[in-house]
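Chemist: can't give you the sequence, but here's the structure:
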């Protein structure tokens, strides 16, 4: 492994350690420590979507034009460290919300910046990037293991004592470290003559792809499937904690482990069964996961919960990653970047924004005296996922030329 790969890998490790170190337990912290409602928890998680919507302005209109990517990355993470420390000190939701909104507006652009730095520095990004990006998944996993098994901040008594507040302090330290470290990264200046217009950054010049019925069906399904996705991000850790599962944050890292494993299987599956079958398997996994959550428990049926978490690799890779491959195959050479921007804006922006609102409303509807009817909560996204799957099965058609383009993308 080259020195450059290690340097970029450390950048990715810290980038996702920061996110995984507080985002997974956010719902539990808000519900148990700040006594926030389901709607308020949904608002807090939806700041990710607002950050995703605003990120192209920061990355494209600043980093692509005026400032080295690694320097902007450093400044954003140093500012993020200050905001995370203020989140650590927040005593109520009214104080917490504007801070977390500000933080996500600062953090989400850094996801594009770390990719930009890596792609620009690697001599063969197609072959080398996965070796760098996997460090980010490891960072997310390590964050969960540290919270559960090193500090035990997600143990029942520790949560009652407000220990989850310390996750923000931990991540503030990691953000400070990454901010300082970023100044040492290889210089990644703007590329002369390759400035990108706002229309292209937001993916709006890829709207022409919606004239294709197959892509339009996939595009709508991508937005709709983000509604059940939001239930997992918002409720999973709170659910596991509330029903008494030991080391819930550590257990949830199994989802990232499976993500790595199923990523390796994805190209083989697409080649053998095609993109439609792959997308359907991904949607079916969402429905199955929530059924397992609905009927599992912390006792004799804890295996249901473990299986539901491990399904994360299928849920994410077989729909979202394969969807990115499908989009790349459908887009013309001149709009490939715009097409990916359009899908990102639709899913992590619009889709998740709607999803977190729905998840908050459903959670509040099935909550009484601070406790939740989790079976009813989880059956909602299970049925919703199944409905999206059925509609996609009946309406999605892929032409032979499209199949060939996608097959070419997976080698």
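Modeler: The structure has been received and is ready for your questions. Just so it is clear, the model here is predicted, and its values are computed rather than measured.
Chemist: tally of neighbours for the residue lying closest to residue 247 once chain neighbours are set aside?
Modeler: Closest residue in space to residue 247, ignoring its immediate chain neighbours: residue 148 at 4.0 Å, by Cβ to Cβ, 6 or more residues apart in numbering. Backbone N, C-alpha and C define where each C-beta goes, glycine included. Residues lying near residue 148 (other Cβ atoms under 10 Å) number 21.
Chemist: what does residue 50 give?
Modeler: 16.
Chemist: ok, and for the helix or strand encompassing residue 308, which residues are buried?
Modeler: Element membership of residue 308, judged by DSSP states H and E, is helix 302-310. By neighbour count with 16 or more other Cβ atoms under 10 Å, helix 302-310 contains the buried residues 302, 304, 305, 308, 309, 310.
Chemist: and that helix, how far out from the chain middle?
Modeler: 20 Å (Cα atoms, centre = their mean, to the nearest Å).
Chemist: give the next helix or strand downstream of it.
Modeler: Following helix 302-310 toward the C-terminus (DSSP H and E): helix 312-315.
Chemist: now do stretch 85-97, average pLDDT.
Modeler: The average pLDDT within stretch 85-97 is 97.
Chemist: now do the end-to-end distance for that stretch.
Modeler: 14 Å (Cα to Cα, to the nearest Å).
Chemist: what's in contact with it?
Modeler: 22, 30, 34, 36, 40, 43-44, 47, 99-100, 103, 165-166, 168-169, 172 (Cβ atoms under 8 Å, 6 or more residues apart in numbering).
Chemist: can we see that at 6 Å?
Modeler: Outside stretch 85-97, the residues that touch it by Cβ atoms under 6 Å, 6 or more residues apart in numbering are 34, 36, 40, 99, 165, 168, 169, 172.
Chemist: which residues does the residue nearest the centre of the chain contact?
Modeler: Central residue of the chain (Cα atoms, centre = their mean): residue 348, 7.7 Å from the mean position. By Cβ under 6 Å, 6+ apart, the residues touching residue 348 are residue 52.
Chemist: so which of the contacts of stretch 85-97 sit within helices?
Modeler: The helices, defined by DSSP state H, take in 40, 99, 168, 169, 172 from the contacts of stretch 85-97.
Chemist: count the neighbours of the third one for me.
Modeler: Burial measure for residue 168: 27 neighbouring residues, criterion other Cβ under 10 Å.
Chemist: residue ranges with poor pLDDT in the chain?
Modeler: 1, 58-65, 126, 191-205, 333-334, 337-338, 399-411 (pLDDT under 70).
Chemist: so it: which segments form each domain?
Modeler: 1-186, 205-411 (automatic domain parsing).
Chemist: in what helix or strand does residue 235 lie?
Modeler: Using DSSP H and E, residue 235 falls in helix 213-242.
Chemist: by contact count, what packs against the helix or strand just after that helix?
Modeler: Heading C-terminal from helix 213-242, the first helix or strand you meet, by DSSP H and E, is helix 248-252. On a contact count with 3 or more Cβ pairs under 6 Å, 6 or more residues apart in numbering; DSSP states H and E, helix 248-252 meets helix 125-145, helix 213-242.
Chemist: run the last query once more with 10 Å
Modeler: helix 3-23, helix 125-145, helix 213-242, helix 302-310 (3 or more Cβ pairs under 10 Å, 6 or more residues apart in numbering; DSSP states H and E).
Chemist: list of residues touching it?
Modeler: Helix 248-252 is contacted by residues 20-21, 24-25, 28, 140-141, 143-150, 152-156, 159, 164, 167, 232, 236-242, 245, 298, 302, 305-306, 309, 312 when judged by Cβ atoms under 10 Å, 6 or more residues apart in numbering.
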